[in-house]
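Q: sequence and predicted structure, then a few things I'm wondering about:
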Amino acid sequence: FAMIQFPLYEKSKSIWSELQDHRPPSPFQSATCGSISGGIAAAATTPLDVLKTRLMLGADKHGVPYRSAVDVMQRTLAEEGTGALLKGIQPRVMWISIGGFVFFGAYETFKEIVEPVLG
């Protein structure tokens, strides 16, 4: 997840900076970049999250135990189709986008306050 979110965040801040004559993005603009990058990362990793959650549950809805991550994937696709790998994508993207906005906004605001003091 973080391997997707952080590079997207840095790249989107760079693009935003270019769009405003190479001035750094404001904390609000950075928060927006964090929100968007978090949402993209959340959507991209939802299938892995579905598989992880099912593996952690230990068994399918009929109580048949899963043997491995590959077993979870094969049975999920066979019994429910590819759409099952996207279950929960909407709330996941929403809450991670909100979290990205808050986290990166707070980080950039704090950085803006502390940088003049620490140099």
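A: Arrived safely, thanks for sending.
Q: packing partners of the helix or strand harbouring Glu108?
A: Using DSSP states H and E, Glu108 falls within helix 89-118. When contacts are defined as 3 or more Cβ pairs under 8 Å, 6 or more residues apart in numbering; DSSP states H and E, helix 89-118 packs onto helix 2-19, helix 27-57. Yep, even glycine has a C-beta here, placed from its N, CA and C like the rest.
Q: pull out the buried residues from it.
A: For helix 89-118, the neighbour count (16 or more other Cβ atoms under 10 Å) marks Arg92, Val93, Ile96, Ser97, Gly100, Phe101, Phe104, Gly105, Glu108 as buried.
Q: and that helix, how far out from the chain middle?
A: Counting by Cα atoms, centre = their mean, to the nearest Å, helix 89-118 is centred 13 Å from the centre of its parent chain.
Q: now it: average pLDDT?
A: For helix 89-118, mean pLDDT is 96.
Q: just stretch 31-41 next, same as before
A: 98.
Q: isn't Arg92 right next to Asp49, touching?
A: Yes. In terms of Cβ atoms under 8 Å, Arg92 counts as a neighbour of Asp49; the distance is 6.9 Å.
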